[in-house]
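**Q** need a structure here:
(one chain, ligands or ions: 2)
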Amino acid sequence: MNLTLKIWRQKNASDKGRMVEYKVTDISEHMSFLEMMDILNESLVAKGEEPVAFDHDCREGICGMCSLFINGEAHGPDRGITTCQLHMRMFNDGDTITIEPWRATAFPVIKDLIVDRTAFERIQQAGGYISVNTSGNTQDANALPIPKYDADRSMDAASCIGCGACVATCKNSSAMLFVSAKVSQFALLPQGRVEAADRVMNMVHQMDLEGFGNCTNTGACEVECPKGISLENIARMNREYLKASCR
Ligand code: SF4
Ligand code: FES
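**A** Ligands and ions are numbered 1, 2, ... in the order given. All right, here's what the predicted structure looks like:
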């Protein structure tokens, strides 16, 4: 396939940035999207030009690092996948592909297609954990029977990889899907109930401080989420927040 790429180039956080057009040729339909980007970068380096900076690590849908807005969709035109799992067979010979970074005030661009997502880390630090006594008297996890329904729901919520696609795709740049997944994975388990009230209050407070918008139930986040995180989690977080506010 021969393709035209329109890519956001931005030298640093203070640079205004602009779209730049590139051509790539002989792209196999079996390549991943990031392999196609590697080929572009190899050709740029060979010409003495600056390669396009983009985030990636595992390249198998686990780490949540790859974060490209492709033809106006977070993680591109496929569903239930991350950018690294997107294949070039989703495109046609002669296509023009637009590639941008996540766009949200709370995710400022660092360079080209890389954004700063440490806002998510600060939200996690505000309450995305449980406090466990590790002195040697730790209770065996199996001593606490948990209904399978709750365990499954908790595991589903825990599959969030923190990629930020939900924020990037939301018209309000809301982080509610991410935060609600992190709140829910503990709220559903007895181990998480101990600190549940403080957790939801502190994480939502930090989410607001970081400048994320609020949820208006559009549901675009759920559609674009590579891990199928359900809007149910937002409803659960709202209930947890209401209960905690009434303490
Ligand atoms: S909820 Fe989905 S889209 Fe949002 S950070 Fe988690 S995995 Fe990514
Ligand atoms: S590079 Fe790890 S999820 Fe894509």
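
**Q** Test my guess that Leu5 contacts Glu100.
**A** No. Here Leu5 does not reach Glu100: they are 11.3 Å apart, not a contact under Cβ atoms under 8 Å. The way it works is simple: take the backbone N, C-alpha and C, and place the C-beta from them, glycine included.

**Q** The residue nearest to the spatial centre of the chain - nearest residue in space that isn't next to it in sequence?
**A** Compute the mean C-alpha point of the chain, and by Cα atoms, centre = their mean the closest residue is Cys163, 1.7 Å away. With sequence-adjacent residues excluded and distances taken as Cβ to Cβ, 6 or more residues apart in numbering, Cys163 is closest to Gly64, at 3.8 Å.

**Q** Quick check: the one you found vs Ala53, distance?
**A** 17 Å (Cβ to Cβ, to the nearest Å).

**Q** Spell out the residue ranges of the strands in this structure.
**A** Per DSSP state E, the chain carries strands over the ranges 3-9, 18-24, 69-70, 73-74, 96-100, 109-111, 114-115.

**Q** List the buried residues of the fifth one.
**A** Translated: strand 96-100. 97, 99-100 (16 or more other Cβ atoms under 10 Å).

**Q** Could I get the pLDDT score of the residue sitting furthest away from the middle of the chain?
**A** The C-alpha centroid of the chain is most remote from Asn137, which lies 36.5 Å away (Cα atoms, centre = their mean). Per-residue confidence (pLDDT) for Asn137: 80.

**Q** residues in contact with the least confident helix or strand in the chain by mean pLDDT?
**A** In the chain, no helix or strand scores lower on mean pLDDT, DSSP states H and E than helix 190-193, which sits at a mean of 93. For helix 190-193, the external contacting residues (Cβ atoms under 8 Å, 6 or more residues apart in numbering) are 130, 132, 141, 144, 146, 185-187, 199.

**Q** Show me which residues of this protein sit near ligand 2.
**A** 56-59, 61-66, 82-84 (Cβ under 6 Å from any ligand atom).
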